[in-house]
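Enquirer: Below is the structure, and that's it, no one-letter string:
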Ligand SMILES: [Zn+2]
Ligand SMILES: [Zn+2]
């Protein structure tokens, strides 16, 4: 998905791209042969990853070659015409890419995994997948990566109950551990990531609701989500992708919306919802709800037995200037 957007014609030469690879488990590498920008001659990629004791020198390069060996893939590495450079990094190292400083730390995961802290002029991003809490030294490493981060992206695969019982030792974390580390390290926004493949969207939403009881600013990552670091002092903005607003319909529903304003006051407002899907809606409001606060949306919808009232609960993921004067356009993702 990222690759297709990237490959869209823009006329110019693509700048150099730096990709940080955490480890070599399938779920972190299997997209590589399908990443179309690697097949564009003028593109330049720099990959960073560690030397695996199972592979030795040029571990990541070997991973590329093995993945593209016949008969697993129709073409071999020579078809990848973009320039590719591989750099080995070890846990504990720091290096710079342009004006960004990157620090690596080992995390607690079978066969090893690197976490990254990326200090940019616009803010700090910590990326920590996959990791199981419980090793005092590596727990400390994680707090070092996340210290004061504007965005802390953390493994949230298992529920706290699973982590203590059936999934102990599997090398993953939970939303509760993420919230705890975010608090301890004074990270500003937590992004729950590496959801369990068996978790439905509804389960992820429920995990998100629980996490928000423990930490103020939490998002659950979803495919295509874009998180933007603001200028210093600005809040982080998250943009939910089409997958969360799929099946969107042009419609007009009379709706009553209840929520909390940015100033912390309760409000209730009548409006018309025009842009709605099963997962979310874009609602025009005079009140400015607080980002990430909960909204109750009650709509009158025509049903088999006449007009029916529909109650939906969601949370505010985005606020933009409204089309109408004095209104804001509020993006809501429904949770039930
Ligand atoms: Zn893994
Ligand atoms: Zn993984």
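Expert: All right, it came through fine. Keep in mind the model is a prediction, meaning the values are calculated, not measured. Ligands and ions are numbered 1, 2, ... in the order given.
Enquirer: which residues touch the residue in the chain that ligand 1 sits nearest to?
Expert: Nearest residue of the chain to ligand 1: residue 25, at 3.4 Å (Cβ to the ion). C-beta here means a position set from N, CA and C on the backbone, and glycine is covered the same way. Counting by Cβ atoms under 8 Å, 6 or more residues apart in numbering, residue 25 touches 111, 130.
Enquirer: can you pull the pLDDT of it?
Expert: For residue 25, the pLDDT comes out at 96.
Enquirer: Could you report the distance from it to residue 89?
Expert: Distance, residue 25 to residue 89, using Cβ to Cβ, to the nearest Å: 18 Å.
Enquirer: before we move on, what about residue 128?
Expert: Using Cβ to Cβ, residue 128 is found at 16 Å from residue 89.
Enquirer: And residue 310, by the same measure?
Expert: 52 Å.
Enquirer: which one of these two has more residues nearby?
Expert: residue 89 (18 against 13; other Cβ atoms under 10 Å).
Enquirer: Nearest residue to the spatially most central residue of the chain in space, please, no chain neighbours.
Expert: When Cα atoms, centre = their mean is applied to the chain, the residue found nearest the centroid is residue 221 (3.3 Å). Closest residue to residue 221 apart from its sequence neighbours, by Cβ to Cβ, 6 or more residues apart in numbering: residue 193 at 4.4 Å.
Enquirer: and if you look at residue 107?
Expert: Leaving aside its sequence neighbours, residue 107 sits nearest to residue 131 (Cβ to Cβ, 6+ apart; 3.8 Å).
Enquirer: State whether the one you found is indeed within a helix.
Expert: No. Residue 131 is assigned coil when assessed by DSSP: H, G, I helix; E, B strand; the rest coil, not a helix.
Enquirer: quick one: it and residue 172 touch, right?
Expert: Yes. If you go by Cβ atoms under 8 Å, residue 131 and residue 172 touch, sitting 7.2 Å apart.
Enquirer: list residues touching both of the two?
Expert: Listed as contacting both residue 131 and residue 172 by Cβ under 8 Å, 6+ apart are residue 155.
Enquirer: got any ranges where the stretch 201-336 of the chain has weak pLDDT?
Expert: Along the stretch 201-336 of the chain, segments meeting pLDDT under 70 span 231-236, 239-251, 278, 302-304, 336.
Enquirer: Which residue ranges of it form helices?
Expert: 201-214 (DSSP state H, counting those that start in this stretch).
Enquirer: In it, which residue sits nearest ligand 2?
Expert: Nearest residue of the stretch 201-336 of the chain to ligand 2: residue 221, at 12.9 Å (Cβ to the ion).
Enquirer: so that residue makes contact with residue 191?
Expert: Yes. If you go by Cβ under 8 Å, residue 221 and residue 191 touch, sitting 5.3 Å apart.
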